[in-house]
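> Predicted model and sequence follow; I will ask about them next.
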Amino acid sequence: MGISIKPIADRVVILPAPAEEKTASGIFIPDTAKEKPQRGTVVAVGDGKKEEPITVKVGDEVLYGKYAGTEITYEGKEYLIMRESDIYAII
């Protein structure tokens, strides 16, 4: 599950969940209207800060803010790198 990117300090790398393809009633959503996912899987974690140890771990499913993190592409996949404080919850 982990990747070879090693975030520093209180940062984590997240693989976002895929955007919803259709609504609950079965209507397909075009790419231009898809909501940016707000959950994903932690794939790498930093070492934390002395006063703020990291509490999430690789493999955790998490919820985060709609505009949290910076998008990066690594080995053809899209990831988000963000501070652990941008994560709202582990699910």
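Great, that's in hand.
> how about the strands in this protein?
Along the chain, the stretches classed as strands by DSSP state E are 11-16, 39-45, 61-64, 70-74, 77-83, 87-90.
> Need the winner for burial among these.
The highest mean neighbour count among the strands of the chain, using mean count of other CB atoms under 10 Å, belongs to strand 11-16: a mean of 22. Every residue, glycine included, has its C-beta placed from N, CA and C.
> Next, the angle strand 77-83 makes with that one.
The directions of strand 11-16 and strand 77-83 differ by 140 degrees, with axes from the mean of the first three to the mean of the last three CA atoms, to 10 degrees as the criterion.
> Give me the sheet partners of strand 11-16 and which way each runs.
Take DSSP bridges as the rule and strand 11-16 pairs in its sheet with strand 39-45 (antiparallel), strand 77-83 (antiparallel).
> Now do the contacts for the residue nearest the centre of the chain.
Closest residue to the average C-alpha location of the chain: Ile14 at 3.1 Å, with CA atoms, centre = their mean. Ile14 makes contacts with 40-43, 62, 64, 69, 79-82, as judged by CB atoms under 8 Å, 6 or more residues apart in numbering.
> most distant residue from the middle of this protein?
Ser25 (26.8 Å).
> before we move on, back to that, what would the strands paired with strand 11-16 look like in JSON lines with mean pLDDT and distance to Lys57?
Shown next, in JSON lines, are the strands paired with strand 11-16 (pLDDT from 0 to 100; distance: least, CB to CB, whole Å):
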{"stretch": "strand 39-45", "mean pLDDT": "95", "distance to Lys57": "6"}
{"stretch": "strand 77-83", "mean pLDDT": "94", "distance to Lys57": "15"}
